[in-house]
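Trainee: I would like the atomic coordinates for the input below:
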Amino acid sequence: MEKKEYKNILDICSSQESVHEDIFKNHDDNMWWPLKVTDYRKRLLIAGLSTRISYNMIRSYQKVIDNLDSFSYDEIKNMSEEQIKEIIKGLGLSNTRYKYISSMINFIEQHAEDLIKLPNEELIELIAKNVSGASYKVAQCCVLYMRGYYESGIMPVDSGMKDVELPCLGFPTYKTAIGHDYLRKELETLTKYLDLEDVIEKNRYSDLNIPNTSNATWWSHLVLIYYKRHFCNKHKPEECPLAKAGVKVLCKCKK
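Mentor: All right, here's what the predicted structure looks like:
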C-alpha cells in the first residue's frame, strides 16, 4: 500500500464521530493500559490481563487493576496462587489469567536485562514464545505498554484487524499467528515519516498529546482499532464509510 492511500484511509476512519469519541477516551490515558501504573513489570502483567475485556467490562476491569496496582511487583511475585486468583476473579478465566501472570513473572525474573536492551522485534518474539497465553498479539501489547504509547512505536494488530479489517483494505492475509507481527511491522513502516498533521487538525484531534505527527503510531493504531469496532464488527459492508468514500474494499466483514 502507498503512504498516500494509507493516509486517506486514516483520514476517513478518524473523521467518524464514534471513532473520534473513543480515541478521546483512550489516547492520552488508556482505560486498559493506564499511565498511573508506573512499574514496567506490573505493566507487563496488566497487558496480558486486558485481553477479552470489552467496554461492558471496563469498570470491573479497572477495579481489578486498581487493586493489583496497590501492591508492589515484589509483593505480587510472592503471592500464592489463591491470593492472585482472588484479586483477578472479577475478570473471569481465572485459571488462564493466573497461568499468564505466573509465566510472565518467571519471564521477567529470567530476562531482566532483555526487557531493557532488546529491540521491539526481538522482545515481542521472546515473549510470544516463552510466556503462557502471550501470543504475538499479546506480546505486542506488552511491549507497547511497557515502553510507552509513543515511546515504543508499536502498533498492535489484533485478530479482527488481521483477519478482517486489514485484508479488506488490501493488506496480505495470514492464517497463522505470526501474521499479527507481519502486519504490525507493515503498519509501523507506513506510519513512520508520514506527516498526519493536516488530518489530525482537520478531524479535531489537535488537543491530544501527540508528540510527533510524522510518526503518530499510537493515534493511528487507535484510529484503526476503533474503526474496526464500530464498522467492521457490525458485518454491514453497505454502511462502510470507506466504501462510501470510494476506497476499494473487499468486504471481508460480511463473512
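
Trainee: Can you tell me the centre-most residue of the protein?
Mentor: The chain has P156 as the residue nearest its centroid, 4.4 Å off, counting by Cα atoms, centre = their mean.

Trainee: Contact partners for it?
Mentor: Neighbouring residues of P156 by Cβ atoms under 8 Å, 6 or more residues apart in numbering: 137, 140-141, 144, 180, 184, 221, 225. All C-beta atoms are positioned from the backbone trio N, CA, C, and that covers glycine.

Trainee: what do you get for K236?
Mentor: Here K236 is in contact with 253-254 (Cβ under 8 Å, 6+ apart).

Trainee: what are the phi and psi angles of S60?
Mentor: Note on S60: backbone dihedrals following degrees, to the nearest 10 are phi -60, psi -40.

Trainee: so what's it closest to, chain neighbours aside?
Mentor: Excluding its sequence neighbours, the residue lying closest to S60 (Cβ to Cβ, 6 or more residues apart in numbering) is G90, at 4.9 Å.

Trainee: So that neighbour, which state does it fall into?
Mentor: What DSSP: H, G, I helix; E, B strand; the rest coil gives for G90 is helix.

Trainee: any low-confidence regions in the stretch 151-255 of the chain?
Mentor: Applying pLDDT under 70 to the stretch 151-255 of the chain picks out residues 255.

Trainee: quick check: domain ranges of this structure?
Mentor: Domain assignment for the chain, taken from automatic domain parsing, gives 3-30+154-254, 40-147.

Trainee: distance between the longest one and the chain's centre?
Mentor: Read it as domain 3-30+154-254. 12 Å (Cα atoms, centre = their mean, to the nearest Å).

Trainee: for the last one, same thing?
Mentor: A distance of 14 Å separates the centroid of the chain from that of domain 40-147, by Cα atoms, centre = their mean.

Trainee: okay, how far is it across that domain, tip to tip?
Mentor: 8 Å (Cα to Cα, to the nearest Å).

Trainee: try the first one
Mentor: Its first and final residues considered, domain 3-30+154-254 spans 27 Å by Cα to Cα.

Trainee: what residues are up against I108?
Mentor: Contacts of I108 (Cβ under 8 Å, 6+ apart): 41, 44, 115.

Trainee: what do you get for K3?
Mentor: 190, 194.

Trainee: distance of it from G48?
Mentor: The gap separating K3 from G48 is 33 Å, by Cβ to Cβ, to the nearest Å.

Trainee: which helix is the longest one in the protein?
Mentor: If you go by DSSP state H, the chain has its longest helix at helix 94-110.

Trainee: How about it, which residues are buried there?
Mentor: 94, 97-105, 107-108 (16 or more other Cβ atoms under 10 Å).

Trainee: what helices or strands is the following helix or strand past it leaning on?
Mentor: Sequence-wise, the next helix or strand downstream of helix 94-110 (DSSP states H and E) is helix 112-117. Judged by 3 or more Cβ pairs under 8 Å, 6 or more residues apart in numbering; DSSP states H and E, helix 112-117 is in contact with helix 120-130.

Trainee: Give me the contacts around the helix it packs on.
Mentor: Identification of contacts with helix 120-130 by Cβ under 8 Å, 6+ apart yields 103, 107, 111, 114-115, 118, 134-136, 138-140, 142-143, 147, 152-154, 177, 181, 185.

Trainee: Can you flag the buried ones in those?
Mentor: Applying 16+ other Cβ under 10 Å to the contacts of helix 120-130, the neighbour count classes 103, 107, 111, 115, 118, 134-136, 138-140, 142-143, 147, 152-154, 181 as buried.

Trainee: from these, which ones fall inside strands?
Mentor: Using DSSP state E, no member of those falls in strands.

Trainee: which SSE is the residue lying closest to H230 once chain neighbours are set aside in?
Mentor: Counting by Cβ to Cβ, 6+ apart, H230 lies nearest to S18, which is 4.4 Å off, once chain neighbours are set aside. Using DSSP H and E, S18 falls within helix 17-26.

Trainee: now for that helix, which elements pack on it?
Mentor: Judged by 3+ Cβ pairs under 8 Å, 6+ apart, helix 17-26 is in contact with helix 3-14, helix 217-230.
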